[in-house]
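Visitor: sequence unknown, structure follows:
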């Protein structure tokens, strides 16, 4: 199943500290006008932002939780995108390609000024969520900075950002930071049991391991045949060093029907290599990992990881032949690339 839309998702686990900080701020008389919610992809940043927004828009400042009943009118209107006091800015869909644009348009960011300057329609707050703030270009970022420099009263700006280093330092300095960490395994297991009840328990456990604390990534992997691709990666590493050239073609053929298969495969392959080397250095590797790591010096594994990263980046950036890239990557791993 696809990851729940954050604006309609009532579940958020593993971020009690961040929620407590938000609740304390709501109860205080000095609410900061801008918040920067950061953390890895898929850990719940946007879900927290909409949770924050719903609580502000619903009032009840003394509530002991940010959660709002899905049957509440504010919850329903936020989920439908029809609440008059909430504006969401994100990369728009390109009508020609059907895909999201690469950047947040400056005209969309300029809409924030007019929206935040209006009197709240329901007498409370005006809230703006910029989802994927790192995708603003220079013009968009400068337009946002003007809003931050002269914030209107009773208006809150929530920036959701996986790569805060890409934001202007002047934007970061004007925001209160909320950093979300990857979820622990127990929280991951609870969420996946809710989202993927029909999936076998051992498969959910495998997703917990693969997703590294990101529910969004776990759901993406479940939707994009991530478990099958993980099995390919495991088999590939188990068969080292006896990996024939034909194996690359077999994997490329198996992934040929998947739009995201190349990226998922390369991400997993690099992650498994990094984990094996890291666990070996720390003395925590299992026998299979130790056997694989022993096939190369540690610096050679580092060079291989960098080569695979470069291969993936160039293939995706320049729309190169993914089939040939998989064959080349498997050849590098087997020592023939």
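Guide: Now that the structure is in, tell me what you want to look at. This one's a predicted model, so the numbers in the text were calculated from it and none came from an experiment.

Visitor: show me the contacts for the spatially most central residue of the chain.
Guide: By Cα atoms, centre = their mean, the chain has its centre lying nearest to residue 41, at 1.7 Å. Shown in contact with residue 41 (Cβ atoms under 8 Å, 6 or more residues apart in numbering): 162, 214, 216, 217. Every C-beta, even on glycine, is put in place using the N, C-alpha and C of the backbone.

Visitor: Just say helix, strand or coil for it.
Guide: Applying DSSP: H, G, I helix; E, B strand; the rest coil to residue 41 yields a three-state assignment of coil.

Visitor: hang on, residue 78 packs against residue 55?
Guide: No. Here residue 78 does not reach residue 55: they are 10.5 Å apart, not a contact under Cβ atoms under 8 Å.

Visitor: Would you mind telling me which of these two has more residues around it?
Guide: residue 78 (25 against 22; other Cβ atoms under 10 Å).

Visitor: Doesn't the more buried one belong to a helix?
Guide: Yes. The assignment for residue 78 by three-state DSSP puts it in a helix.

Visitor: check contacts around it.
Guide: Counted by Cβ under 8 Å, 6+ apart, residue 78 has contacts 7, 8, 50, 53, 54, 57, 86.

Visitor: Tell me which helix or strand the fifth one sits in.
Guide: In this structure, residue 54 is located in helix 45-58 according to DSSP states H and E.

Visitor: Residue 277: neighbour count?
Guide: 20.

Visitor: got a pLDDT number for it?
Guide: At residue 277, the model reports a pLDDT of 96.

Visitor: helix or strand for it, which one?
Guide: Counting by DSSP H and E, the element that carries residue 277 is helix 261-281.

Visitor: Just the residues contacting the next helix or strand after that helix, thanks.
Guide: Scanning forward in sequence from helix 261-281 by DSSP H and E, the next helix or strand is helix 287-293. With contact meaning Cβ under 8 Å, 6+ apart, helix 287-293 is reached by 237, 238, 240, 275, 276, 277, 279, 280, 285, 301.

Visitor: model confidence over the host helix or strand of residue 144, on average?
Guide: Under the criterion of DSSP H and E, residue 144 resides in helix 138-149. For helix 138-149, mean pLDDT rounds to 95.
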